[in-house]
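J.: Pasted the sequence and its predicted model underneath.
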Amino acid sequence: MSVVGILAAAGRGERFGAHIPKQFLPLRGIPLVIRAARCLQEAEAVAQIVAAVPPGYQELLQRWAEEYGVQKLSRIVVGGEHRQDSVRAALETPEVQRAELVLVHDAARPFATAALVERVLQAAQRHGAAVPGIPPAETIKKVAPTGEVVQTLAREWLRRIQTPQAFRREWLVAAHAHARRLGLSATDDAALVELLGFPVVVVEGEPRNLKLTTPEDWRVAEALLQAEQ
Ligand code: C5P
């Protein structure tokens, strides 16, 4: 099984409100993008990493990869306007074109373990596409723009979906091409694969695999790292 990891690190982090994209900020001394890249670096099955970054950030990431020992990082591409465009740019690289499985991970998730990567990859090897998910602790309701509840969803059917997500390369490439042709967009890669009608299985995610979106998330991540010392 040849596996290439794609690191989606081309967001501008507007919701975060910092002067540079948040993935380039140090999280307790180590840049967030490097912490997320290490999740892929430390997974034995991942042979190479392709990262997508905002324009002007290639050199910085290259330098950090050397400094922090992310030796598997073999290519850095410039991402696009939306996450989907950034992943597609990475899919077009020769590294990915030679892979059997592609693992896509968000630079905003610094805590995914190598065990999670292996679990997702094994399921994708077997079923074609796999994503980690955890059951929500809260009740989830569908709400109209007016604020009125439309429906209360049955919680046992729901999962909060994380990255890394793994796919047979041909499925993911076909899903992105299909979405582009029809002008469809989605917030994760699995949704594009689902739109093509391919099955996606959910494996057990990790509660600690947080996505850092707001300054509040950042403080939680810092506290977790501090508690570990
Ligand atoms: O915007 P969102 O929170 O969904 O971003 C998830 C991940 O996708 C982040 O790691 C971000 O850097 C990445 N991204 C990207 N290219 C974009 C937008 C987001 O690679 N244009």
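T.: Okay, I see it. Numbering: from 1, shown residues only.
J.: Tell me how many other residues surround residue 4.
T.: 27 (other Cβ atoms under 10 Å). Glycine gets a C-beta too; all of them are placed from N, C-alpha and C.
J.: ok, now which ones touch the residue lying closest to it once chain neighbours are set aside?
T.: Leaving out its chain neighbours, the residue that sits closest to residue 4 by Cβ to Cβ, 6 or more residues apart in numbering is residue 99, at 4.0 Å. By Cβ atoms under 8 Å, 6 or more residues apart in numbering, the contact set of residue 99 is 2, 3, 4, 47, 48, 169.
J.: Shouldn't residue 99 be within a helix?
T.: No: applying DSSP: H, G, I helix; E, B strand; the rest coil, one finds residue 99 to be coil, outside a helix.
J.: Stretch 42-54 and the ligand in contact?
T.: Yes: using Cβ under 6 Å from any ligand atom, we find that stretch 42-54 touches the ligand at residue 52.
J.: please renumber so the chain begins at 797
T.: All right, first residue 797 from here; so that's stretch 838-850.
J.: CA atoms only: put that stretch into CSV for me.
T.: In CSV, the C-alpha atoms belonging to stretch 838-850 read as follows (Å, rounded to 0.1, in the frame of the first residue of the first chain):
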residue,chain,number,x,y,z
GLU,A,838,4.9,9.8,12.6
ALA,A,839,2.6,7.4,10.8
GLU,A,840,4.7,4.5,9.4
ALA,A,841,2.5,3.9,6.4
VAL,A,842,2.7,7.4,5.1
ALA,A,843,5.6,7.6,2.6
GLN,A,844,5.4,11.2,1.5
ILE,A,845,3.6,14.4,2.5
VAL,A,846,2.4,17.1,0.0
ALA,A,847,1.3,20.4,1.7
ALA,A,848,-0.8,23.2,0.3
VAL,A,849,0.0,26.6,1.7
PRO,A,850,-1.1,30.2,1.0
